[in-house]
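# could you work out the structure for the sequence below:
(one chain, ligands or ions: 1)
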Amino acid sequence: MNFVLNEVLDAPGHYKKLGYDDLTPDFVDEINGAVASFAEEKVAPLYSSGDAEGCKYNSDSSVSTPKGYKEAYQEWSMGGWSGLAVPEEYGGQGMPLSLGVIKSEIIGTANWSWSMYPGLSMGAINTLLLHASEEQKQTYLTKLVTGEWSGTMCLTEPACGTDLGQVSTRAVDNGDGSFSITGTKVYISGGEHDMADNIVHIVLARLPGAPEGTKGISLFLVPKHLPNEEGELTGEESADNRNVTCVGIEDKMGIKSSSTCVMGFENSKGWLIGEPNDGLNQMFTFMNTARLGTAMQGVCHMERSYQGALPWCMDRASMRALSGKKYPDDVADKIIVHPDVRKNLLTIKAFTECGRAMIYDAALKADGMLNEDEAVREKCEEELGLHTPTMKAWLTELGIECSSLGMQVYGGAGFIKDYGMEQIMRDARISTLYEGTTGVQALDLLGRKIILDKGKELGKQAKLQIQEAFEIGTSSTAGNHNLRGHALEVAKLSTQWVTTSMRVVAGAASDREIVGSASTDFLMFSGYISGAYQWLKMMNAAGAALDANPDMDPADRSFYEAKLHTGRFYFDRLLPKAYALRDMSIKKPDSIMKMPIEGWDLATTLPSNSGNAYAGYKAE
Ligand SMILES: Cc1cc2nc3c(=O)[nH]c(=O)nc-3n(C[C@H](O)[C@H](O)[C@H](O)COP(=O)(O)OP(=O)(O)OC[C@H]3O[C@@H](n4cnc5c(N)ncnc54)[C@H](O)[C@@H]3O)c2cc1C
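Numbers count the residues shown, from 1 in each chain. All right, here's what the predicted structure looks like:
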């Protein structure tokens with residue numbers, strides 16, 4: 001983490017420019033070290049017990065989290081960690097947003113499900129910071145920052161998740177500044193739990209007469225318990241006087257200790273945030289940073305898989321190396337000698353490390369998101385906009401792939417709960433679904449971020465990558481460490497990134513389905529290129545460190561050399577997939593779209609009264 005921050009991205013210089021003179025590498029390391037101690041001591045030990053116990057829905061509509069969760073959350077709040085990257089005027093510590101992102105990596109790797117509770121509060125905090133009135137901020141934001149109250153984001157309804165234009169929850173003006181909210185929200189993370197005194201729901205709903213679709217959605221703040229005029233709880237909170245009720249919780253494949261709730265709003269009292277009908281815009285102001293958080297989930301699962309897999313590969317013995325015994329005194333060689341096992345491990349390591357670099361790079365860009373100047377915020381959104389769908393979708397898909405590889409090196413033990421690897425895979429699976437599915441991220445990248453933008457940001461980013469590749473490729477470090485070919489490949493792929501997008505757009509002029517059929521392959525193509533760009537920078541930094549200090553400590557030398565090895569593996573064994581993805585993204589959509597609807601057996605053969613979702617489906 002320090003290597004990426006200090007030697008690859010020059011975070012110290014960046015923080016200095018922002019006016020954080022005290023954020024030296026040592027101080028940042030101290031902060032991250034304190035988060036790491038908390039994560040190791042308080043949160044990581046609850047990872048598998050929380051999964052085994054799960055959340056419990058009680059007869060009074062309350063939800064109990066697993067043993068130890070509440071205590072860890074209270075300690076977290078007392079430590080002031082929720083407010084690390086929140087302005088001091090609302091009780092935070094005023095640190096840059098990027099430090100909040102790194103904090104979330106540390107606790108998310110230790111226990112993703114637990115980290116979702118403070119993570120969701122962070123989403124609510126950021127939304128209120130930018131859009132709430134001063135009164136709302138004083139009453140709700142300050143309590144979220146201390147962690148006394150937690151937050152949720154209530155978007156999804158039974159009929160819609162991706163297509164929020166279908167939101168049907170209603171809000172009626174009470175005439176006294178408040179509104180009555182009625183509707184059902186589903187799959188709400190942290191919608192009900194026993195860790196905080198109150199829960200602040202940020203809810204999408206529709207005012208009477210609002211335009212149809214996404215243009216008619218407004219944003220409301222709806223607390224579980226209504227505070228008194230002083231903004232405090234009355235002390236008489238009970239199951240009978242809740243303003244919002246949890247109707248049930250979901251039984252899920254993974255992230256079992258994160259409560260996923262069905263929330264019933266029935267004339268629940270709430271307050272409008274910002275302007276009417278501007279809800280989706282407001283909710284999505286922080287979409288890029290929220291997606292950074294979910295992209296981080298991919299890295300967290302990859303890192304955890306690596307930490308689980310490595311000791312096993314060093315310890316488990318099976319057969320002999322193809323080139324002869326490597327552990328002659330043992331009955332068999334350790335499995336780390338086998339090329340296939342090494343390839344699995346290196347794949348996890350290479351994706352984790354470039355994923356981390358991608359996210360930190362973006363997080364430093366995101367530091368402008370809380371700037372008071374709207375122009376700075378807008379520029380920040382634009383810069384981040386191109387990267388976030390790729391990071392979110394590519395890294396979460398890789399989180400699943402790598403958690404599967406982490407299981408694989410365990411052999412049968414990987415499938416057995418006692419070893420802890422299968423839980424990572426179950427927990428990782430949700431990450432490509434929520435916060436916008438992979439397919440929807442891909443449409444966002446190709447449709448909004450490239451076609452609507454007329455390729456401007458893409459062109460800028462490609463140019464920057466080519467320039468950096470040129471600088472690195474022509475340096476003495478590149479000569480000393482064999483980086484020229486890699487620099488050339490980054491420059492070549494960056495050019496192809498632009499030309500491939502142009503070919504897709506040109507094709508779309510005659511067949512609009514091309515955008516949809518190309519988008520996921522194009523996004524993955526973009527991911528592999530971004531990974532290569534980060535690896536080139538990391539290899540260059542490692543090479544430069546080795547050149548600068550030929551007498552360095554052997555442990556440091558081995559660290560930098562391992563960076564160069566891992567980078568070479570990425571270029572040699574992982575990056576070639578980019579070319580297949582490029583070719584797939586410029587194919588015509590015919591083989592996908594030409595199948596007549598009658599050809600899909602289930603759709604046409606199920607009886608219409610089967611109760612299946614296909615019932616009533618009619619071929620065009
Ligand atoms: C554990 C969990 C926690 C969650 N937490 C929250 C939360 O805290 N708050 C909240 O509001 N929601 C939450 N969600 C909901 C989640 O964000 C949605 O499930 C997700 O956005 C997908 O929506 P959907 O389920 O309605 O799927 P749909 O929108 O019905 O999509 C079904 C499939 O169709 C594809 N699809 C849909 N439209 C298109 C299109 N135009 N082009 C191409 N493909 C398309 C999708 O990619 C997907 O594969 C959570 C869900 C889960 C399971």
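# OK, contacts around the residue in the stretch 1-150 of the chain positioned nearest to the ligand?
Nearest to the ligand in the stretch 1-150 of the chain, going by Cβ to the nearest ligand atom, is residue 120, at a distance of 6.2 Å. Yep, even glycine has a C-beta here, placed from its N, CA and C like the rest. Listed by Cβ atoms under 8 Å, 6 or more residues apart in numbering, the contact partners of residue 120 are 150-153, 189-190.
# make it 6 Å
151-152, 189-190 (Cβ atoms under 6 Å, 6 or more residues apart in numbering).
# tell me, how many residues neighbour the spatially closest residue to residue 431 that is not a sequence neighbour?
The shortest distance from residue 431 to any non-neighbouring residue, by Cβ to Cβ, 6 or more residues apart in numbering, is to residue 396 (3.8 Å). By other Cβ atoms under 10 Å, the residues close to residue 396 number 30.
# quick one on the thing from earlier: hang on, the residue of the stretch 1-150 of the chain closest to the ligand in a helix?
Yes: assessed by DSSP: H, G, I helix; E, B strand; the rest coil, residue 120 belongs to a helix.
# what's next to stretch 569-576, contact-wise?
Applying Cβ under 6 Å, 6+ apart, the set of residues contacting stretch 569-576 is 346, 350, 486, 528, 532, 535.
# kindly report the same for stretch 176-188.
Here stretch 176-188 makes contact (Cβ under 6 Å, 6+ apart) with 152, 154, 156, 158, 169-174, 205, 220, 222, 260-271.
# so, low pLDDT: which residues of the chain?
Counting by pLDDT under 70, the chain shows low-confidence ranges at 286, 603-620.
# near the ligand, which residues of it? Just list them.
Within the chain, the positions adjacent to the ligand are 152-156, 160-163, 187-189, 252, 255, 260, 430, 433-434, 437, 439-440, 443 by Cβ under 6 Å from any ligand atom.
# now, of those residues, which are buried?
152-156, 161, 187-189, 252, 255, 260, 430, 434, 437, 440, 443 (16 or more other Cβ atoms under 10 Å).
# of the contacts of stretch 176-188, buried ones?
152, 154, 156, 169-171, 205, 220, 222, 260-265, 268-271.
# quick one: which of those residues sit in helices?
Counting by DSSP state H, none of the members of these fall within helices.
# so who does residue 274 touch?
By Cβ under 6 Å, 6+ apart, the residues touching residue 274 are 131, 282.
# over to the one 3 residues further on?
When contacts are counted by Cβ under 6 Å, 6+ apart, residue 277 is found next to 210, 216, 218.
# change it to 10 Å
Contacts of residue 277 were listed using Cβ atoms under 10 Å, 6 or more residues apart in numbering, and they are 206-207, 210-211, 214-219.
# mind giving me the ChimeraX command for buried ones among the residues you listed?
Provided next is the ChimeraX selection string for whichever of these are buried by 16+ other Cβ under 10 Å:
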select :206,207,210,214,216,217,218,219
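# could you report the distance from the residue in the chain positioned nearest to the ligand to residue 261?
Nearest to the ligand, among the residues of the chain, is residue 161, at 2.0 Å (Cβ to the nearest ligand atom). Counting by Cβ to Cβ, to the nearest Å, the gap from residue 161 to residue 261 is 15 Å.
# and residue 48, by the same measure?
According to Cβ to Cβ, residue 48 stands 23 Å off from residue 261.
# how far is the helix or strand where residue 524 lies from where the chain is centred?
Using DSSP states H and E, the element containing residue 524 is helix 513-548. The chain centre lies 18 Å from the centre of helix 513-548; the measure is Cα atoms, centre = their mean, to the nearest Å.
# likewise stretch 491-502?
Counting by Cα atoms, centre = their mean, stretch 491-502 comes out at 26 Å from the chain centroid.
# pull out the buried residues from that stretch.
Residues of stretch 491-502 classed as buried: 491, 493-494, 496-498, 500-501 (neighbour count, 16+ other Cβ under 10 Å).
# do stretch 570-582 as well
570-571, 574-575, 578, 581-582.
# pretty sure residue 216 contacts residue 167?
Yes: in this structure residue 216 lies within contact range of residue 167 using Cβ atoms under 10 Å: 8.6 Å.
# shared neighbours of the two, anything?
206, 210, 279-280.
# could you tell me which of the residues you listed are located in helices?
Reading helices off the shared contacts of residue 216 and residue 167 with DSSP H, I get 279-280.
# which one of the shared contacts of residue 216 and residue 167 is nearest to residue 226?
Nearest to residue 226 among the shared contacts of residue 216 and residue 167, counting by Cβ to Cβ, is residue 279 at 21.4 Å.
# who's the residue nearest to that closest one when sequence neighbours are not counted bridged to?
Spatial nearest neighbour of residue 279, excluding adjacent residues (Cβ to Cβ, 6+ apart): residue 219 at 3.7 Å. With DSSP bridges applied, the residues forming beta bridges to residue 219 are residue 204, residue 273.
# follow-up on the earlier one: can you pick out the most distant pair from the contacts of residue 120?
Pairwise distances across those peak at 10.3 Å for 151 and 189 (criterion: Cβ to Cβ).
# got any residues that touch both of those two?
Both residue 151 and residue 189 are contacted by 117, 119-120, 123, under the criterion Cβ under 10 Å, 6+ apart.
# which one (most neighbours) among these?
Result: residue 117 is most packed of the shared contacts of residue 151 and residue 189 (other Cβ under 10 Å), 28 neighbours.
# contacts only, for that one.
By Cβ under 10 Å, 6+ apart, the residues touching residue 117 are 65, 69-70, 72-73, 76, 82, 147, 150-152, 189-190, 193, 195-196, 257-259.
# pull the CA atoms of whichever strand or helix holds it into PDB?
Secondary structure from DSSP H and E places residue 117 in helix 112-131. Extracted in PDB, the C-alpha atoms of helix 112-131 (Å, rounded to 0.1, in the frame of the first residue of the first chain):
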ATOM      1  CA  TRP A 112     -16.500  -7.200   4.100                       C
ATOM      2  CA  SER A 113     -19.900  -7.700   5.600                       C
ATOM      3  CA  TRP A 114     -19.100  -5.800   8.800                       C
ATOM      4  CA  SER A 115     -17.500  -3.000   6.800                       C
ATOM      5  CA  MET A 116     -20.800  -2.500   4.900                       C
ATOM      6  CA  TYR A 117     -22.500  -1.000   7.900                       C
ATOM      7  CA  PRO A 118     -20.100   2.000   8.200                       C
ATOM      8  CA  GLY A 119     -19.800   1.900   4.400                       C
ATOM      9  CA  LEU A 120     -23.500   2.600   3.900                       C
ATOM     10  CA  SER A 121     -23.400   5.300   6.500                       C
ATOM     11  CA  MET A 122     -20.600   6.900   4.500                       C
ATOM     12  CA  GLY A 123     -22.900   7.000   1.400                       C
ATOM     13  CA  ALA A 124     -25.600   8.800   3.400                       C
ATOM     14  CA  ILE A 125     -23.000  11.200   4.900                       C
ATOM     15  CA  ASN A 126     -21.600  12.100   1.500                       C
ATOM     16  CA  THR A 127     -25.100  12.700   0.000                       C
ATOM     17  CA  LEU A 128     -26.200  14.900   3.000                       C
ATOM     18  CA  LEU A 129     -22.900  16.800   2.900                       C
ATOM     19  CA  LEU A 130     -23.500  18.000  -0.600                       C
ATOM     20  CA  HIS A 131     -27.300  18.300  -0.800                       C
END
